[in-house]
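*Asks:* Next one to model:
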Amino acid sequence: MEYGAIDLHLRHSQIRIVREDGSVVLERRISTTRESLTAMFQARPRMRVIVETGTESEWVAQTVEACGHEVIVVDPNYTLMYGTRQRRVKTDRRDVAALAEANRHGIYRAAHRVSAAQRHQRRVLRVREQLIRVRTQAINLVRAQLRQEGYRLSSGSAGRVVARYRALAITGALAQALAPVIALLEHLAPAIGGANTDATAAAQQDPIVRRLTTAPGVGPIIGLTYRATVDDIARFRAAASASAYFGLVPCEDSSADRQRRGRITKRGPTTARSLLIQAAWGGWRQRTRDPLQRWARRLAERRGRRIAIVALARRLCRILYAMWRDGTAYQPAMTGVA
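*Replies:* Reported below is the predicted structural model:
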C-alpha cells in the first residue's frame, strides 16, 4: 500500500508518496488547483492521503477523494506528527516528508470535517457578520465627521441611522463628503434585513436550533452559530470538552500543591465565543429571575461582574451541549444551580 501527504499552500503544494517500507515513490511540487491534483492522483492505486486542516483543505480533500483515495484531514497542532522534522530547518520538502512518515506509521490526529450543510450555514453567517461590521465602521465614520463640525447623531438603532442623519439637514461640503457613506448605509440596510430574516427562518426550520433558542439569551443567530460551529455533538465527550473548545475555560499552571488559574484561554472560534458571552449578557439583563441569572449575580458579588459573565457564558455553553445531546428544551430546574 502507498501513503500520500500534501503540504498545502495557496499557490503551490508539495506532494510526497511513499511505500510501506518508507521508500519514496513520488515527490513533486504542483499548482494548488483541482486540475493538477486530479492529474496527480487519478491514475494511482488507492492510498491513504493526509493533509493539514486549513482554509483550502476541504476542497482539496474532496478532489483527492473523487480520485478514489482515502483522505484524512489532520490537526497540525499534534506535535508528534512532526517527530522526524528538525525544528531549526523548516522547508516544504521536510514538512511533507514528516507528514508522509506520520501517515505511514499512523501518527496523526484527525480533525473534524464540517458537514456540507453547516459549511454553508457558516458561510452565510460570516457574510452577515461582515455586512454588520461594514455598517458599524460606516456609522462610526459618520459620527466622527459630524462631531468635527459640531453636529451630534442621536442614539438609536443602527437600522435607522440614515433617517437620524437626514433629520440633521446637513448641507454643503460636509453633506457632499458623506454622501457615499450614506449611500452605502442605504444599500446595506436591506441586505442586513434580508440576512436577519433568512437566519430567523433557518433557525425555525432546524429542530436543534429551535431547542437551543429556548435557553436564556440565545436567539436565532447565536443558536445557528453554535450549531454550525459544533456541527456534530458526538465529537465532544462531555460538556467540559465543548467549553474548552470554545476557549471559555481558564488557563492553568498547576503543579503538586500549587494551583494557579488565570484568564480564559480564548482558543477556538472567536465569533462563537463572543456570541456566547453576548448571550450571557442577555441572560444577565433579563427581568425574569432565572436560576442561572441568580447564580451569576451571586458570583458577581464575590468576584465581579465581568468574571461572572464569562462564567455564565461557560455554563451556558455546557447547558447548550447537554440540551443538544439529550434532545431537550431548556429546563431551569436542570441547570445545576440553585
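
*Asks:* ok, residue 25 touching residue 18?
*Replies:* Yes: taking contacts as C-beta atoms under 8 Å, residue 25 lies within contact range of residue 18: 6.2 Å. Backbone N, C-alpha and C define where each C-beta goes, glycine included.

*Asks:* Outside of stretch 324-338 itself, list whatever touches it.
*Replies:* 208, 211-212, 214-216, 227, 230, 233, 290-292, 294-295, 315, 319, 322-323 (C-beta atoms under 8 Å, 6 or more residues apart in numbering).

*Asks:* So residue 263 lies in a strand, does it not?
*Replies:* Yes: assessed with DSSP: H, G, I helix; E, B strand; the rest coil, residue 263 lies in a strand.

*Asks:* on contacts alone, who are the packing partners of the helix or strand encompassing residue 142?
*Replies:* Assigned by DSSP states H and E, residue 142 belongs to helix 116-148. Under the contact definition 3 or more C-beta pairs under 8 Å, 6 or more residues apart in numbering; DSSP states H and E, helix 116-148 sits against helix 161-167, helix 172-205, helix 220-230, helix 270-285.

*Asks:* Dump these into TSV; add mean neighbour count, distance to residue 135 and mean pLDDT as well.
*Replies:* TSV is the format used below for the helices and strands packed on helix 116-148 (neighbours: other C-beta atoms under 10 Å; distance: least, C-beta to C-beta, whole Å; pLDDT from 0 to 100):
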stretch	mean neighbour count	distance to residue 135	mean pLDDT
helix 161-167	15	8	95
helix 172-205	14	5	97
helix 220-230	24	15	97
helix 270-285	19	16	94
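
*Asks:* Let's have the ones you listed in CSV, adding distance to residue 110.
*Replies:* Output for the helices and strands packed on helix 116-148, formatted as CSV (distance: least, C-beta to C-beta, whole Å):
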stretch, distance to residue 110
helix 161-167, 47
helix 172-205, 29
helix 220-230, 17
helix 270-285, 21
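
*Asks:* Compare these and give me the one nearest residue 2.
*Replies:* Counting by C-beta to C-beta, residue 2 lies closest to helix 220-230 out of the helices and strands packed on helix 116-148; the figure is 35.0 Å.

*Asks:* Surely residue 48 touches residue 70?
*Replies:* Yes: here residue 48 reaches residue 70: they are 4.7 Å apart, a contact under C-beta under 8 Å.

*Asks:* which one of these two has more residues nearby?
*Replies:* residue 48 (16 against 12; other C-beta atoms under 10 Å).

*Asks:* Would you mind measuring from that one to residue 5?
*Replies:* 10 Å (C-beta to C-beta, to the nearest Å).

*Asks:* One more: residue 72?
*Replies:* Distance, residue 72 to residue 5, using C-beta to C-beta: 10 Å.

*Asks:* What of residue 228?
*Replies:* From residue 228 to residue 5 the distance is 29 Å (C-beta to C-beta).

*Asks:* didn't residue 60 look like it was pressed against residue 9?
*Replies:* No: using C-beta under 8 Å as the test, residue 60 is too far from residue 9 to be in contact (10.7 Å).

*Asks:* circling back: write the PyMOL selection for whichever of the contacts of stretch 324-338 are buried.
*Replies:* To isolate the buried members of the contacts of stretch 324-338 in PyMOL, using 16 or more other C-beta atoms under 10 Å:
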select buried, resi 208+211+212+215+216+227+230+233+290+292+295+315+319+322+323
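
*Asks:* which ones among the contacts of stretch 324-338 are found in helices?
*Replies:* Judged by DSSP state H, these include 208, 211-212, 227, 230, 291-292, 294-295, 315, 319, 322-323 as members of helices.

*Asks:* of those residues, closest to residue 172?
*Replies:* For the ones in helices among the contacts of stretch 324-338, the closest approach to residue 172 (C-beta to C-beta) belongs to residue 227, at 49.9 Å.

*Asks:* could you list every residue that touches the closest residue to that closest one other than its chain neighbours?
*Replies:* Of all residues not flanking residue 227 in the chain, residue 209 sits nearest, at 5.2 Å (C-beta to C-beta, 6 or more residues apart in numbering). Contacts for residue 209 (C-beta under 8 Å, 6+ apart) come out as 202-203, 220, 223-224, 227.

*Asks:* Now for those residues: which two are most distant?
*Replies:* 220 and 227 (10.4 Å).

*Asks:* Nice, that's everything, thank you.
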